[in-house]
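J.: Next one to model:
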Amino acid sequence: MRFVSKEVSFKNRDRFFQLGITIATLRKLRGLSQEKLAEKANISRSLLSAIEAPNLAHSFSLEVFFDLADALEVDPAALLNASAFPDSLLKGKSGNQQG
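T.: From the prediction side, this is the model:
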């Protein structure tokens with residue numbers, strides 16, 4: 001299990017807030033507990049809790065970010081761009097495939 005902690009710069013604080021909210025929302029929509037998502041992403045539950053915590057900007061590595069995206073079955077770019085949740089994001093990878 002990985003636990004990474006680094007102070008977030010002021011200019012990036014809102015980005016980490018939004019990312020944490022997005023991860024928490026998708027986790028809940030997928031019916032996953034923090035413990036289950038953390039297990040799927042191979043991170044500690046305490047790290048996931050810190051990432052999702054409202055009003056707390058918590059820095060984490062790209063590796064953790066990619067592992068969370070995979071565990072949530074979404075494209076990593078979709079997590080970064082999520083301000084609204086299109087159907088394809090809510091459905092996971094299988095909803096993103098065309099053709």
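
J.: quick one: which helix or strand includes the residue at minimal distance from the centre of the chain?
T.: Centroid check for the chain by C-alpha atoms, centre = their mean gives Ile23 as the closest residue, at 3.3 Å. For Ile23, the host element (DSSP states H and E) is helix 13-29.

J.: For that helix, name the packing helices and strands.
T.: helix 45-52, helix 62-72, helix 76-81, helix 87-91 (3 or more C-beta pairs under 8 Å, 6 or more residues apart in numbering; DSSP states H and E). Every residue, glycine included, has its C-beta placed from N, CA and C.

J.: The first one packs against which elements?
T.: Counting by 3+ C-beta pairs under 8 Å, 6+ apart, the packing neighbours recorded for helix 45-52 are helix 13-29, helix 34-41, helix 62-72.

J.: What are the contacting residues of the longest one?
T.: With contacts defined as C-beta atoms under 8 Å, 6 or more residues apart in numbering, helix 13-29 is touched by 8, 34, 37, 48, 51-59, 65, 68, 72, 74, 79-80, 82-83, 85, 89-90.

J.: Thanks a lot, catch you later.
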